Every structure is written in structure tokens, then in C-alpha cells.
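Visitor: Provide a 3D model corresponding to the input given below.
(chains A and B)
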Amino acid sequence: MSVAHPLAPDARLVTARDVAWLAASMIIVIAPHAQRAPWWLMLLTLGLYAWRGLLTLNAAALPSRWLLLAIAAIAMLGVRAEYGLLLGRAQGIVMLVLFSGLKLLEMRTHRDATVGVFLCYFLLITNFLYSQSIPIAILMCVAIGVVTTTLVGFNAPGRGWRRDLRSAGLLLAHAVPAALLLFVLFPRVQGPLWGLPQDANAGVSGLSDSMTPGAMARLALSDAVAFRAEFAGEPPPQPLRYWRGPVLWDYDGRTWRMGETALADFVVPKGGSDVYEYSVVLEPHDRKWLFALETVSRLPPRARFTDDGQVLARRDVRRRLRYEISSVSDPEPVAGETRALLERARRLPEGTNPRASALARAWRAESADDAQLLARAISYLQNNRYTYTLEPPLMGKDSVDEFLFSAKAGFCEHFASAFVFLMRAAGVPARVVTGYQGGDLNPIDRIITVRQSDAHAWAEVYLPRRGWIRVDPTAAAIPGRVASGLARALPQDVGLPLMMRPQFQWLRALRYRWEVLAHKWNVWVLDYNPDRQRDLMAYFGMRDADWRKLTATLFTLLGGFTVLLLVWSLRKLGRQDPVQRAWLAFCRKLDDHGVRRAPHEGPRDFAERAAQRLPRAAEPIRAIAQRYIALRYGAPEDAREIGALRQAVRRLRLA
Amino acid sequence: MTVLRTLIDRPRIARWFYGYTPPEHGEIVLSHRRVYIVPTRLGWMFGATVGLLLLGSINYALSLGFAMTFLLAGMGLAGMVHTARNLARLAISLGRVEPVFCGEAAQFRLYLDARSGFDRPAILLRQLASGAQLVTDVPADGVAEAVLAVPAAQRGWLDLGRVMLETRYPLGLFRAWSYIEPECRALAYPRPEYAVLPAPSADPRAAAGRAQAQGNEDFSGLRNYQRSDSPRHVAWKAAARGGALLTKQFAGEASAELWLDWAQLPADLPLEARLSRLTGWVLAAEQAGLRYGLRLPGAEIAPDGGDAHRSACLKTLALYPVAPN
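Guide: Next up is the predicted model:
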């Protein structure tokens, strides 16, 4: 016997309503891709949706498979032309976007439509590859609601969309506890499983292992967050917040480079006035540097340390990384540096910047020791009216000379570069240090947000008995830069990000609140990784949470939740009144002993017949019937009477 | 196998095994133990999709990818509960079934009582023996009437038998179903063969009335309506004036007695054809407003007229050779 199954998805044809809902779902999930995908592909996809809409409105036949295949092939050629390669993550995603249009055009039955819904779920999650911000998360929550409503609509034909929406909402609400359990307890593994493609972190900005004139100024225009730091106690004041990053040794007359660095054993600094304990949430920057305040007194676990004091991660930081670290201010000086490094810190290219070299030699002649020379250099910068600008004039071959003597305007990199040049020319070991200075202390959650615009370059000079000491030539020349931040140090706001301009105070206040939220989001939602999972489980008292323990707990709780949900769902269902329930139980009991109530038989007749058939239980049978009749047809129900009836039925022994 | 079957059919064990003892009397409530549920093919596909999304989320360490994947997984789980809930504790009761003629479809009326604050959409009912099926929505706290049209292939009692209720609402990822076997049967009369009425028999018991068998043209008076009277003889005009129902009496009526006798049919006619012919006669005689009696081997119904008489005759024919009651 084969009868068409009216609930089978391939037996049900899609209706205009189904098409409209599915198209709306698709539009929502592909919308964020519009900012990345080629415009012609988005237009083509929307065109395909519109085409399907027209066909459905006019009840016209769908296009042939061959035509759709041809469209797909042409679009693939277009994608190849656009990206150069056909394979890749971005290409894959835009092709999926296009396939949503093609799927819509070949959709005939609810089976196809449901596959279209699955495609929507898939496309929805691809958005997170590009952004996991709160607004995108909210948009995707809306999307999941619309997509699910669409799916519910397929399975409840002829019902209003409001009811479908309510059903979908209820479903998702019931899904949330299970999702939370899974999110927290599902054993997390450190990815990637098959390797991230090369473009996984394309376009991240940050410091690099070299410094050319203009690089820092470009970075200063970026509003992107570099990292956030949360201090256990009071954070250091703004002028002391030097976040140390790459150290640059080698100079070729134009560019400073990091060169080779060697790993070194970490030595805990002695003494120090203030100890800062803090955690840093570092945005991915595709390099190994971990930024820390001077001077690091405790390394994060698994971090490495170099001989020039950089803190490095084991691998490039390709996803947001959280680490705990301690620093101490003003530790006891550590003198003693290898001869090779000191030699390297004095090296300069031959024959460049003659005027600066001459100035340095003059200082050398006039100074008793390196410390005195250093003081001279600093006062030189202080007294020569340098200006601070994001747009310094273009400089030629002898860039240090031009900056020091003619242009007299530059950004931190010019100051640092020129200063280190002067020191080396005078025979004092010096190096350029890049990193971040300052950071915005959020008054609400006391978290310091450091942006790319806080990027800074300064110098370190080696003095025989004091070791490496920090000198910030920018701060010497332009005191305001370090004391109150970049925005106030610059003569005008031109080119600065909107938020950084001082007159937008109210916007800043709003932004602080948003930052608090964003940070919590990053820490608690986006950075939930194997480490944090272990920590959280330890907090709940589960020691050494390995995948076995986690899975066992997960399944137990998930099972418990399902049972709860089932019980809750059935709680108010089909509830007959207790009197009727007790009576039916009574009838069932008698039925088991061969006395079946005929449909026409009233309780009294039935009980009488049963009593005669089962004389040993005649008394209780009659009593139960009496009680039932009294409750059913008599006075208002009384809980005690009902209880008595139930008990009597329970106690009835017939055999 | 037989041993198992016998064992299962013991009432107590049957209730444990099936969740009910067939046939079921009165109202049937689908307890959750009677509702079975398995994923559909789309359900498996959905599971595969979620697995794929999970792999992607792990590879790209997408926290929100995890969150959405787990939300979908949770939705699947909730969907399973909601699918089961769409059938669970649904109360089903049976309505009256009118007798039909063989070859027609018996209209089994099932009333689905939601007994829930939510509606229960897209419930399929299918009578397993014939495949008669329909999909119905049960409104929240309401009752839906579903009419299963089961073709009557042979005369006699037509049992509704086992009926499957199925639903895939709300996501189509799971299929929940349940069986009921209500005690409900329809009577199928033999397929009527329309034939010319036999001449009033030469039976001496009927001979007295033969001379006056003039038909029913001559109106002879009114008497009180009785339930067996043909509606065509009711004095509707009188009733419309607000009076009690009266039946018109005709001169010929009381006397035209016709015996529809098994013995009048050719001896070589097979049983079913015989019953069909007799059924056709009953219908024709009732149509003509005659008084007629039915005589079968082992059964005899005295001449009379009206719907109740007609039904009794047809029932006797339907259940021949078993006497009704």
C-alpha cells in the first residue's frame, strides 16, 4: 500500500508565503556580507530573489536546471576574476550567497525549502568570521528568529505568521538553556583543526618589526583597539603607562629594524616602588608580542622573554588572547650587558646625517660622562621649539638632520629616531622601543583601553651603572603628549578620529559605557576558550576538567533539562479532572478482570454488574461508584472527598 | 511468534506493550508513553549541518559560531519535545457513523480535543487498513472534527481498526506518531442492484390486501406522526402552520403489502447478487411508499414502512447469514 504522505516534505509544494519568508530570511543573513562581497554578486543574488518572487506571483514555471547551472558557472568566472583565485574562504562565502539565490529559484517542495533554511543557518554563521561584535550578534539573533519562523511556517501551513513567530520564539526560548549548557560545558579544543587560511587575519593593524618615517603617524589615525588592561589595584597614572613592544636595534639611515633577538632567561627584578598586577586582553595582531608595562616582574604562563626585554607568545597572536602579568615600577637598576649587544647599540650607517653627528660629537667633548651627555641632549630637545604633528614634511636622505635642524616638526617616531641617532653618534648605546603610551581609563569599569592611536616610539639608553633607562624624547620636547594624550598635544584636530577630539565629551561618555559592554562581551563570550573553561569548572568545583568529565556532566545536565522541558510541556496538557481520572482508573482495573463498561452503561449499573461478577470486592466497588456519583452529579467538589475516592480506587483489590 | 502474540494480547501485557488494550472504548487520551518519535531525514540533515557548523566554529575559534551552533542544537532538542507535545495527551473521541452502501465510503467522525492552551497544527490521521487520511489543525482549547472516509469494500461491519496519528510540527525534523484502535464500526449494506419490484407475491398471507393495492394517490386522512413514517408523507403544510407533525394516509397504503422474498429470486443467483437484488427492492419499495416485508432463510421481517423498517431490513441483509443483534 503506498499512499502519498501529506506530511512528507517532498510531497508538499511551496506556497507564495513560504517563498516570501524564505527570501526575507536570506536577505537578512546575506545583508552583512554586502560590505565585503563584490557588488555585482550581491545585485545578481537579489535579482535572483526578485525573479523567483515574480515567478511565484504569476504562478509561472521555474527556470530549467541548465539555465541555473549556466548562471552559477558565469558567476564563478566572475568570482575568479574578482579574487584571482577560485578557492578560498571569502570566495566560498560569496558563492554560498549566490547559491542561496539559485536554491530559491529551484525550490519546488518543502524539502527544497527546508534545505534553503539550512543554507540560511549556514550563511548566518559565516558572518561571524568577519565580525563578532554585539550589533552583529543582535542582527543574527533577529535573523535566527526569522529563519526559524520560516521553518515553522512550512510545517504549519495555513496558519497566521504571528502564530508561527510565537512558536519559533518559544522554541528558541526553550533552546536557550540547552545552548548555554553546551556553550559552557562542551569540551573546547584549541583550534585550528585544519589550519586557518592565509587571509584569516587580513587587514589587522598594529606595530611591526620595523619603523619607517610616517608608519606611526598612520597607525595613530586608527581607532582600532590594540588591547585592554584590567588592573587588580589602582592603575599607574597616564604618564607612566609605557606599554613596551618591539625593540628596534638596526638602523639603515631611514628604517629602524628589529633584527635578530635572542631568547633569555627571565630574571625577576629586585625592589621597586609599586607593583601592578593586571590582565591584558590583546586583540589579534598576527605577531608574537605581548604588551606589558615596564618593568615586567612576572611573566604570563607559557610566554617567552628576550634579551632586550620583550615578552613574546609562543605563536603569532591570531585570535584574541588574555594573559595575566605583573609589572613593577622603578626596580633596582640592573647593570651589565653583553659586549656584543652594546656594540650593536652603537652602530650607525656610515656618512649619514653629518650635522647631527657633529652635534653629538660636540656634546661628547663637553660632557664628563654618559649621564651628563644624556641630560644635554634632553635639554636640547626641550629648548629648540619642536612641534608635534601627524603630517610632518617629507624628508630626504639625511632625515635626522632635516628633522632636527630644518623641519623641526615630526611625530614620535621622528623624535625617537633622531634621539637614538644622536646617542649612538655620541657613542652612548641606545635603541628604539615601540609600543603604546597611555590608554584610556574607563571611569565605569576601571579598564584601560589602548588603541592603535596610542602607538608610540621612545628610546632606551644604556648607562654604565644604571643599565638600560627609558628616555622619551617626545615627552621631553612636547610635554603635553604624555601628560594628556595625543589629542591635546596636537595643534589641531585635523585627521584625528572623531572620538578623540576633546570637544566631543558627551560622545566619549557614551563610548565609555559601550566599552564596558564590549569588554565584558569579549571576555565572557568571545574569549571563552579551553583555559577559561578549565578555570570556570574549577570555580564550580570540578578539578582537572578533562573532556570526559565535561562530556559526562554535559550529557547528564542536558538529559535532565530535556526531561524537565518535557514534564513542563506536558504539565497542563490533557488534564482531566481528578474525579474523572480516578473513575477511569477504576474502570481500567475492572476491565483487567473481565468487567468492561459498555459505552451506554451508567456508573450505577456498571458498578452493580461488576459487584455481581466480583462478589468478593462487591462492597468497595459499590462504595466507589457511590462516591463517584456523589462527586460527579452532586454537591460542589470537595478536595477531601476526591482524595477519598482516589484512595479507594487505589486500594481496590479484585483478585 | 505466536506465543509472543498470545502473550501480548493478554490485556494487562497488551496495555504495557502498546500503551492500550485494543479495542479502546470511549475517549482515548494519547498518553506520552504511546507517542513514538524519531528524526526524519531532514532531521538527520539538520544534525549534519549542526555538526559541520560546530567543526567550523572549532577551527576558526568562533565563539559566536559556537553560540549559534549550540542554539540550533538546543532548538533541535526543543523541537523534539514540541513535536511530541503536539500529539501528547490529545483526547480523541468517536462520533456516530451512518451506515453506507457497499462501494461508498463510511464517514468516520473523530473529534480531536486539544486540552491544551496551545494549538496543535498539522496532525495527520490515517486509517491504516484503507489508507484513508487527512491533515487537520486542532485549535487551542478546542475540538477539531476529522472525517475519515473509509471505502466499504464488502457488506457487513466495517471496523475502523487501527488509526495512526502523526505530526512533524513545528520543525519537520522529527516525526511523532501514535496508534489508536477505537471501538468504532460502520455498517455497510449490500451494494443495491436496482431492479423492477417483483409482483406482489402469491403468498396467501399477503393475498388479502392485494385487491386494494391501488397505490397511494387517494388521500384518506391524517394521523399522528410516528418516527418510522416516510418524510414524504408528512403533512408539512399543517406542520408549517404550527401544528403537530401529522402523517397523510392514503387509501392504498395500508393494504399494499409486498413480500420481498429470497425464494422469488432465481435459484442459480449467487449469494451476493441475491442480497444486492433484495437491497435494491427494499429501496424501491420504500421509495414507492409501499408496505413491504423481507423474508430470508432463517429471518423474516413483517411488512411495514418507514425509515426504521427500511434500516432493519437493510441491516438484516448486510449481516446475512448472521441475524442482527
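
Visitor: so what touches the helix or strand that contains A:L565?
Guide: Per DSSP states H and E, A:L565 falls inside helix A:547-570. Among residues not part of helix A:547-570, those counted as contacts by C-beta atoms under 8 Å, 6 or more residues apart in numbering or on different chains are A:174, A:177-178, A:181-182, A:185-187, A:533, A:537, A:542, B:32, B:77-78, B:80-82, B:84-85, B:88-89. (C-beta placed from N, C-alpha, C; glycine too.)

Visitor: for the closest residue to chain A within the stretch 1-150 of chain B, give me the pLDDT.
Guide: Relative to chain A, the nearest point of the stretch 1-150 of chain B is B:R89 (2.7 Å; C-beta to the nearest C-beta). Predicted confidence (pLDDT) for B:R89: 86.

Visitor: where does it land in three-state SS?
Guide: Three-state call for B:R89 (DSSP: H, G, I helix; E, B strand; the rest coil): coil.

Visitor: test my guess that it contacts B:D113.
Guide: No: using C-beta atoms under 8 Å, B:R89 is not in contact with B:D113; the gap is 9.7 Å.

Visitor: who has more neighbours, these two?
Guide: Each of B:R89 and B:D113 has its neighbours counted (other C-beta atoms under 10 Å in any protein chain shown); B:R89 has more, 22 against 18.

Visitor: show the subsequent helix or strand relative to the helix holding A:L565.
Guide: In N-to-C order, the element after helix A:547-570 by DSSP H and E is helix A:578-592.

Visitor: near chain B at all, that following helix?
Guide: Yes: residues of helix A:578-592 are located near chain B by C-beta under 8 Å from any C-beta of the partner chain, namely A:D591, A:D592.

Visitor: so where's chain B shaky on pLDDT?
Guide: The model of chain B has pLDDT under 70 over residues B:1-22, B:199-230, B:242-243, B:248-256, B:322-325.

Visitor: now the helices for it?
Guide: B:2-8, B:11-18, B:41-59, B:63-87, B:204-210, B:236-240, B:271-287, B:307-319 (DSSP state H).

Visitor: how about those helices in JSON lines, adding distance to chain A and mean neighbour count?
Guide: Output for the helices of chain B, formatted as JSON lines (distance: least, C-beta to the nearest C-beta, whole Å; neighbours: other C-beta atoms under 10 Å in any protein chain shown):
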{"stretch": "helix B:2-8", "distance to chain A": "15", "mean neighbour count": "9"}
{"stretch": "helix B:11-18", "distance to chain A": "6", "mean neighbour count": "14"}
{"stretch": "helix B:41-59", "distance to chain A": "5", "mean neighbour count": "18"}
{"stretch": "helix B:63-87", "distance to chain A": "3", "mean neighbour count": "25"}
{"stretch": "helix B:204-210", "distance to chain A": "37", "mean neighbour count": "14"}
{"stretch": "helix B:236-240", "distance to chain A": "32", "mean neighbour count": "12"}
{"stretch": "helix B:271-287", "distance to chain A": "25", "mean neighbour count": "20"}
{"stretch": "helix B:307-319", "distance to chain A": "18", "mean neighbour count": "20"}
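
Visitor: domains of chain A?
Guide: A:9-180, A:210-500, A:530-570, A:578-651 (automatic domain parsing).

Visitor: next one: the first one to chain centre, how far?
Guide: Going back to what we said before, that points to domain A:9-180. Remark: domain A:9-180 is offset 24 Å from the chain centroid, using C-alpha atoms, centre = their mean, to the nearest Å.

Visitor: measure it end to end?
Guide: 31 Å (C-alpha to C-alpha, to the nearest Å).

Visitor: now stretch A:299-313
Guide: 11 Å.

Visitor: now stretch A:535-551
Guide: One end of stretch A:535-551 sits 16 Å from the other (C-alpha to C-alpha).

Visitor: off-centre distance for it?
Guide: With C-alpha atoms, centre = their mean, you get 23 Å for stretch A:535-551.

Visitor: residues of it that come out buried?
Guide: A:M537, A:A545, A:L550 (16 or more other C-beta atoms under 10 Å in any protein chain shown).

Visitor: quick check: phi and psi on A:T389?
Guide: phi -150, psi 150 (degrees, to the nearest 10).

Visitor: excluding chain neighbours, what is closest to it?
Guide: Using C-beta to C-beta, 6 or more residues apart in numbering or on different chains and skipping the chain neighbours, the partner closest in space to A:T389 is A:A409 (4.9 Å).

Visitor: identify the bridge partners of the one you found.
Guide: Residues in a beta bridge with A:A409, per DSSP bridges, are A:T387.

Visitor: that one: neighbouring residues, count only.
Guide: 16.

Visitor: OK, contacts around it?
Guide: So A:A409 contacts A:Y386, A:T387, A:Y388, A:T389, A:P392, A:P393, A:F403 (C-beta under 8 Å, 6+ apart).

Visitor: how much space between it and A:A418?
Guide: 12 Å (C-beta to C-beta, to the nearest Å).

Visitor: repeat for A:Q626
Guide: Relative to A:A418, and taking C-beta to C-beta, A:Q626 is found at 109 Å.

Visitor: neighbour-wise, which of the two wins?
Guide: A:A418 (25 against 15).

Visitor: how far away is the more buried one from chain B?
Guide: Applying C-beta to the nearest C-beta, to the nearest Å, the value for A:A418 to chain B is 43 Å.

Visitor: can you tell me the SS state at that residue?
Guide: helix.

Visitor: which residues sit in contact with the residue nearest to the spatial centre of chain B?
Guide: Residue closest to the average C-alpha location in chain B (C-alpha atoms, centre = their mean): B:F108, at 2.7 Å. Contact analysis of B:F108 by C-beta under 8 Å, 6+ apart lists B:L94, B:G95, B:V97, B:Q127, B:V147, B:L148, B:A149, B:V150, B:L160, B:C184, B:A186.
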